[in-house]
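1. Sequence below, structure please.
(one chain, ligands or ions: 4)
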Amino acid sequence: MPAATPLPPGPAVLTLYSAADLLTGPGCPVCRYADEAASRYLAWFALEGHGDATAVTRLCASLGMCPRHTRGLMSQPGAARRLTALYRYLVRAALDRLAGRAARLAGCPGCEHDDGAAGRALETLLEGLADGPVLDRCRELGGLCIPHVRAASARGDQRVIAWLAQTMTAAITVGPAGSGPGWLAGIDHDADARLALREALPAGALPGSGVCAACLDAGRAEQAQLARLAGSSDRGPDRRLLLCHGHLGDLVAAARGPGVAPLLAWQAECLTAALTRPASFRRRRGIRPADCPVCLASEDAAQRAVDDLRGRLRGAPTAPGFPLCVRHLLRLKAADPRAAQVIAPDAIERGGQLAAELDAAFSKGTWAHRHEAKGPEMTAWRRAAAFLDGGVFCGSPPRGN
Ligand SMILES: [Zn+2]
Ligand SMILES: [Zn+2]
Ligand SMILES: [Zn+2]
Ligand SMILES: [Zn+2]
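-> Ligands and ions are numbered 1, 2, ... in the order given. As a prediction, this is how the structure comes out:
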């Protein structure tokens, strides 16, 4: 009798033989491939990954996924049960980190997977563009979106990049048949969720809410900077105002309708301005996503909040009640273990309570305990996500409590 087919050890890699496999319809071919790969990854996680020992161990090393991927996991059907089980491990891994020595967290495995898929698609397309018919087909379909022309600039040959930039500019005004210009911002299924979370961002202080002070300040700075860019009337081709994929998605999601095309035209100009810098400079530094003005403002605000807290803890080493999410607390610990030691016991206590709630919720989800009354512990997985990284709710209190 033949043996059963073994379960795949990881998410399947989408077949990709040539650029022709990518050029199957209008819109950015890299987005289409990367989006398909990303949704397969999330589906794999829901079906198998969440219970796979290797995948869970990997997630413990990064204390979960990044905010964007975590929101993706949370929006899947059956997320409550799956993430209750997963966060039992993640919260305990965080408690070990808080009690032990400061060590670097691994990157988000979801981002590693998606970046790998986009990189493969981009590489294949750039190779294919040496061929005339492939080039014509790519032009006919509109070329690449703004974030992927930017990504291509770090890899491709100068002439191909210049051609891609021209095709991108032409697509803003003409565009492939039957589509609006919105695809030029790149695919971003998370943009509406971020918009809703930012709109709910509290204006004042949040005493007793447990919200991370650094994530809250970062969220407010991000919102203010996005509002400034959206409201600006004089938008020139300034490479310093070129936004990363996520923040371009934020501007487009907030603008909607007729406001979208001018924003995209402006960002395409900013990208063209960045591309006209000397090639030697770009090879050395690249056009880094970290140069996005909104990322910089938000990162600065978070760092200021951590530094400010560090100063206060140094001045009053017994002062309690300064909450940080685990991610920011670990950052403080790496910079100043003595200051972190003042608030770590409070975080360890909160983490211990969450672990107990997650255990209770997990138990009530089993058949043997299905009749037990369910209480607030059933939403502990949402609070656990915010405890590990306040960016999951863009700095707001966890939703769905
Ligand atoms: Zn794209
Ligand atoms: Zn991620
Ligand atoms: Zn935080
Ligand atoms: Zn950004």
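2. Residue numbers of this protein in contact with ligand 2?
-> Within reach of ligand 2 by CB under 5 Å from the ion, the chain has these residues: Met65, Cys66, His69, Cys108, Gly110, Cys111. C-betas here are computed from N, CA, C, even on glycine.
3. Are any of these buried, and if so which?
-> Neighbour-count burial (16 or more other CB atoms under 10 Å) applied to those gives Met65, Cys66, His69, Cys108, Gly110.
4. Take the residues you listed and keep only those in strands.
-> Among these, DSSP state E puts none in strands.
5. Just flag the most distant two among those residues.
-> Cys66 and Gly110 (6.8 Å; CB to CB).
6. secondary structure element for Ala347?
-> helix 337-364 (DSSP states H and E).
7. Around ligand 3, which positions in the chain sit nearby?
-> So the chain meets ligand 3 at Cys212, Ala214, Cys215, Cys325, His328, Gly390 (CB under 5 Å from the ion).
8. ok so, going back, output the contacting helices and strands for the helix holding Ala347.
-> In terms of contacts (3 or more CB pairs under 8 Å, 6 or more residues apart in numbering; DSSP states H and E), helix 337-364 is packed against helix 79-99, helix 293-315, helix 326-335, helix 380-388.
9. thinking in terms of the whole chain, how far from its middle is the second one?
-> So that's helix 293-315. The chain centroid and the centroid of helix 293-315 are separated by 20 Å, computed with CA atoms, centre = their mean, to the nearest Å.
10. Is any residue of it near ligand 4?
-> Yes. Under the criterion of CB under 5 Å from the ion, ligand 4 is reached by helix 293-315 at Val294, Cys295.
11. if I read this right, Leu226 contacts Val252, doesn't it?
-> No. With contact defined as CB atoms under 8 Å, Leu226 does not reach Val252; the gap is 10.8 Å.
12. Excluding covalently adjacent residues, which one is nearest to the residue of the stretch 301-401 of the chain found nearest ligand 4?
-> For the stretch 301-401 of the chain and ligand 4, the shortest gap (CB to the ion) falls at Gly391, measuring 12.7 Å. Nearest residue to Gly391 in three dimensions, chain neighbours excluded: Pro67, at 4.0 Å (CB to CB, 6 or more residues apart in numbering).
13. pLDDT and distance to Leu122 for the residues of the chain next to ligand 2 - can I get that in a markdown table?
-> Formatted as a markdown table, the residues of the chain next to ligand 2 follow (pLDDT from 0 to 100; distance: CB to CB, whole Å):
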| residue | pLDDT | distance to Leu122 |
| --- | --- | --- |
| Met65 | 97 | 23 |
| Cys66 | 97 | 21 |
| His69 | 97 | 20 |
| Cys108 | 96 | 20 |
| Gly110 | 96 | 18 |
| Cys111 | 95 | 16 |
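14. What about the residues you listed, which are in helices?
-> Among these, DSSP state H puts His69, Gly110, Cys111 in helices.
15. Please list which of those residues also come close to ligand 4.
-> Near ligand 4, by the rule CB under 5 Å from the ion, you find none of these.
16. Which of these sits closest to ligand 1?
-> Cys111 (15.8 Å).
17. Now do the closest one against ligand 4, distance only.
-> Applying CB to the ion, to the nearest Å, the value for Cys111 to ligand 4 is 14 Å.
18. Look up how far Arg256 lies from that residue.
-> Going from Cys111 to Arg256 by CB to CB, to the nearest Å gives 27 Å.
19. quick one: the closest residue to ligand 1 within the stretch 201-350 of the chain and Leu83, what's the gap?
-> Nearest residue of the stretch 201-350 of the chain to ligand 1 (CB to the ion) works out as His245 at 8.3 Å. Look at His245 and Leu83: by CB to CB, they are 25 Å apart.
20. And the two? Which one has more around it.
-> For His245 versus Leu83, the count of surrounding residues by other CB atoms under 10 Å is larger for Leu83: 23 against 20.
21. Ala385 is in contact with that one, correct?
-> Yes. At 7.4 Å, Leu83 counts as touching Ala385 under the criterion of CB under 8 Å.
22. what is in contact with those two at once?
-> Met74 (CB atoms under 8 Å, 6 or more residues apart in numbering).
23. Pull the contacting residues for the most centrally placed residue in the chain.
-> For the chain, Arg68 is the residue whose C-alpha lies nearest the centre (CA atoms, centre = their mean; 3.7 Å). Contacts for Arg68 (CB under 8 Å, 6+ apart) come out as Gly110, Cys111, Asp190, Gly246.
24. what's the answer for Arg58, then?
-> Going by CB under 8 Å, 6+ apart, Arg58 touches Ala106, Pro109.
25. On the pLDDT front, check it for me.
-> Per-residue confidence (pLDDT) for Arg58: 96.
26. could you say which helix or strand contains it?
-> helix 53-62.
27. mind listing what's buried in stretch 22-35?
-> Leu22, Leu23, Pro26, Gly27, Cys28, Pro29, Val30, Cys31, Arg32, Tyr33, Ala34, Asp35.
28. Distance of the fourth one relative to Val174?
-> What that stands for is Gly27. Distance of Gly27 to Val174, computed by CB to CB: 14 Å.
29. ok, now the last one?
-> Note on Asp35: its distance to Val174, by CB to CB, is 24 Å.
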